[in-house]
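Participant: Could you look at this predicted model? Sequence included:
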Amino acid sequence: MTSAAQTVTLLGLCDGELDPKKHQSSYLTNKVGGGPDWCLVAPLQLPRCARCRAPLSHVVQVYCPLNESPYHRTLHLFACPASGCSGRADCWTVLRSQCLEVEETSSRPDPPQEAPRSATDWCEAADDWGMEEEEDDGWGGGGGVKKESKVQEEKAAPQIEGSETDVSSRLQDLRLAESQEKDDEDVAPPVFRPFFVSVVEESDLYGEYGELDHAQKLLREYERREGVKVGDMGDDDEEEGGSGGEKYEKTKARHGDAVFSRFMKKISSCPQQILRYCRRGKPLFISEPPSNLDQVVSRCGSCGGGRTFELQLMPALVSLLRGEREELGCSGGGGSAEEELEFGTVLVYTCTNSCWTSGSDSPVEEFCFVQMDPDQQLFK
């Protein structure tokens, strides 16, 4: 999706519902909701909420290979929709999975048909759509398994003859434990309705995007309500040294939150953006970040290296995260009033080196930082 030299910010927009009866998604698909499509490597079980221990719901999937890298690369964001959990960073999990392009093509000779792309890829490297993974049965052969089972039976036989009651009791306890473990694993998290995500460059929006007039109207309403003049649209953060940026930085909103005012100004050209992507770029904070953010962002748990900002989820995504059962008017499952995500922005930091060991058997966990929205009703 990007290289070290990239400075372009890409925006993710909702691009229609993903109907699983008509389209087959894969790890090459950018999408909201649904189930995760793993890049050959899947976790043994879904991540769980650190607060309530419930399985997390899949929120967003982003296919984001790096330029000049031989790997396919996908990020999955999970969150707990339970009341009181979604605004906490420890109730979110980001998993990164990768696989070699040659490894993927050689091990998948008959890929199923991929959903047609409805919009631009995240980057030039993301052009190998159509690959779908098959589960490897993990069995290297049959003879060794049978021989081992026979030896185990021979060793167990004398014990059964000597103490049938004791063995029966142990087997019963084992079955109860396995049954309890299976019940815990079978608790399915709420599933959000899936949507395709299309991609545009933020710089293309100024003066050309079809919703620009609507964005201008929203901006003017915000200025009247807050008693602040945020300046003309199109002023860039990187140009703050100019008079326009300097004037804005000195302006104080009526509620006194200059960071939030700056956030509103930046997204005013496209308030319906649900995701911002700029690896190694600067995050857009919705409220004042902690002064020790560099220390808050932990180092990569896999290689011990530093992390860099890669993407963030935006407030407009909140209204899209509704359970599949809610659409049918059903009770229970995802989408209940007690189970919905609320956040301002979720910032994702990933390993700077995007470390990966070929043949790895599990995804790499990355870091996310959550900020609540100080004025959520603006995005409803």
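Facilitator: Perfect, thanks for sending it.
Participant: was I right about E340 contacting L321?
Facilitator: Yes. Under the criterion of C-beta atoms under 8 Å, E340 makes contact with L321 at 6.6 Å. (C-beta placed from N, C-alpha, C; glycine too.)
Participant: overlap in contacts of these two?
Facilitator: Shared contacts of E340 and L321 (C-beta atoms under 8 Å, 6 or more residues apart in numbering): P81.
Participant: higher neighbour count, these two?
Facilitator: Using other C-beta atoms under 10 Å as the criterion, E340 and L321 rank with L321 on top: 26 against 20.
Participant: if I look at H23, how far off is Q61?
Facilitator: 14 Å (C-beta to C-beta, to the nearest Å).
Participant: neighbour count winner among those two?
Facilitator: For H23 versus Q61, the count of surrounding residues by other C-beta under 10 Å is larger for Q61: 25 against 18.
Participant: So what does the more buried one have for phi and psi?
Facilitator: phi -120, psi 130 (degrees, to the nearest 10).
Participant: In contact with it, which residues?
Facilitator: Y27, T29, N30, K31, V32, G34, P36, D37, T74, L75, H76, L77.
Participant: and of these, the nearest to P190?
Facilitator: G34 (11.8 Å; C-beta to C-beta).
Participant: Apart from its chain neighbours, what residue comes closest to the closest one?
Facilitator: P194 (3.2 Å; C-beta to C-beta, 6 or more residues apart in numbering).
Participant: And the one you found, how close does it get to T7?
Facilitator: 31 Å.
Participant: Please say which of these two ends up with more neighbours.
Facilitator: P194 (21 against 10).
Participant: domains of this structure?
Facilitator: Per the record, the chain has its domains at 10-133+193-201+275-379, 206-269, by automatic domain parsing.
Participant: Quickly, which of those bottoms out on average pLDDT?
Facilitator: Between the domains of the chain, the one with the least mean pLDDT is domain 206-269; it has a mean of 62.
Participant: Doesn't L317 lie inside a helix?
Facilitator: Yes. L317 forms part of a helix when assessed by DSSP: H, G, I helix; E, B strand; the rest coil.
Participant: can you pull the contacts of it?
Facilitator: L317 touches V32, V59, V60, I274, L275, counting by C-beta under 8 Å, 6+ apart.
Participant: repeat that for 7 Å
Facilitator: V32, I274 (C-beta atoms under 7 Å, 6 or more residues apart in numbering).
Participant: The protein: strands as residue ranges?
Facilitator: Secondary structure of the chain (DSSP state E): strands at 10-17, 31-32, 57-63, 71-79, 92-100, 195-201, 275-277, 307-313, 345-351, 364-371.
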